[in-house]
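In: Prediction below, plus the sequence it came from.
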Amino acid sequence: MTYFPYINYVRESDAPGTAVRLTDSLNTRMMEALARHLNFSYEVREPEDGLWGLETPGGNWTGIVGTLQHEKADFSMDLTITLQRKAVVDFCRAYIGEDMSILSLKPTPLPEYLALFRPFEGIVWVAVVAGTFVWGAVLWVLLMVKHDVTERHRVSLASSLFYGWGLLLEDQPYHPPVSIAGQVEEKQNSNSDYHAVKAHMQTMATDVGIKRVLDGGFSYMRNYYATKILIETFSTKEKGDNPFHIGTTRYPMFAGNSWAFR
């Protein structure tokens, strides 16, 4: 099965199980080196049903695993190792250990008119405005008490309120504070996001997934290195810019990929 950049090929026809001609890729170079070293010839074909391999209720397998199970081929290149597959075929040592990552669009710059308001949600802004007015009023009361004691110049309520806003906008914090309440809220949000993602998750071809990411409002999960090379090869401009962001968090889901033998 074609899996750029690990195995790439050109199909000889559109018939199921067609023979293919390998083009340059990691598996192609491995195959050519082994064929020279061990002196054998080979023919490469796609699985007849175009699948990697899933177990059926009767104990038979589809795809590549089924092809090996029924001895229609001697071995396969680039197949993900799972415990269920290991019961049917033999795997060599894993040579690809690749975690999953999430592909999304880079955030676009906010409109200038939202620059002041966007950092906070509405309820936070209400609390900030109310709190600033309250503390400005409290400051005015304290200054009035101080005036009665010291007999200095009185400060108007408006000046006190403007002073409060001046202090609020004078110097912004560079890092958001970390609090236990914030950590608990983040965990709850994460759980709800997990259930929302799980309910709407679907499988699709890579080109379809990347196109939907470009359309916006969509994220695509795939193997990290394969995604990175696909983006660098097909979606990066001359200056090195592309509209995608690959998440820094990686999710280990598989034991790795290797060659499978009947």
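Out: That came through fine.
In: Please, which helix or strand holds the closest residue to residue 120 other than its chain neighbours?
Out: Residue nearest to residue 120 in three dimensions, not counting chain neighbours: residue 128, with 6.9 Å by CB to CB, 6 or more residues apart in numbering. All C-beta spots, glycine's among them, are computed from the backbone N, C-alpha and C. Assessed by DSSP states H and E, residue 128 sits inside helix 122-150.
In: same thing with residue 104?
Out: Judged by DSSP H and E, residue 104 forms part of strand 100-105.
In: Report the buried residues of that strand.
Out: 100, 101, 102, 103, 104 (16 or more other CB atoms under 10 Å).
In: Run through the bridge partners of the last one.
Out: Read it as residue 104. residue 245 (DSSP bridges).
In: what pLDDT does it get?
Out: On the pLDDT scale, residue 104 is placed at 93.
In: which residues does it contact?
Out: For residue 104, the contacting residues are 213, 218, 219, 220, 244, 245, 247, by CB atoms under 8 Å, 6 or more residues apart in numbering.
In: Where neighbours are concerned, which of the residues you listed has the most?
Out: Within the contacts of residue 104, residue 213 tops the neighbour count with 21 neighbours, counted by other CB atoms under 10 Å.
In: And the residue nearest to that residue when sequence neighbours are not counted, how far from residue 61?
Out: Nearest residue to residue 213, sequence neighbours excluded (CB to CB, 6+ apart): residue 220, at 5.1 Å. From residue 220 over to residue 61 the distance is 27 Å, taken as CB to CB, to the nearest Å.
In: The residue nearest the centre of the chain and residue 53: what is the separation?
Out: In the chain, the residue lying closest to the centroid (CA atoms, centre = their mean) is residue 102, at 0.9 Å. Distance, residue 102 to residue 53, by CB to CB: 25 Å.
In: Run through the helices of the stretch 151-262 of the chain in chain order.
Out: 157-170, 180-200, 206-215, 224-234 (DSSP state H, counting those that start in this stretch).
In: Among the ones you listed, show the one with the smallest mean pLDDT.
Out: Looking at the helices of the stretch 151-262 of the chain, the bottom one is helix 180-200 with a mean of 58.
In: Any idea which of the helices of the stretch 151-262 of the chain gets closest to residue 109?
Out: For the helices of the stretch 151-262 of the chain, the distance to residue 109 is smallest for helix 206-215, at 17.8 Å, taking CB to CB.
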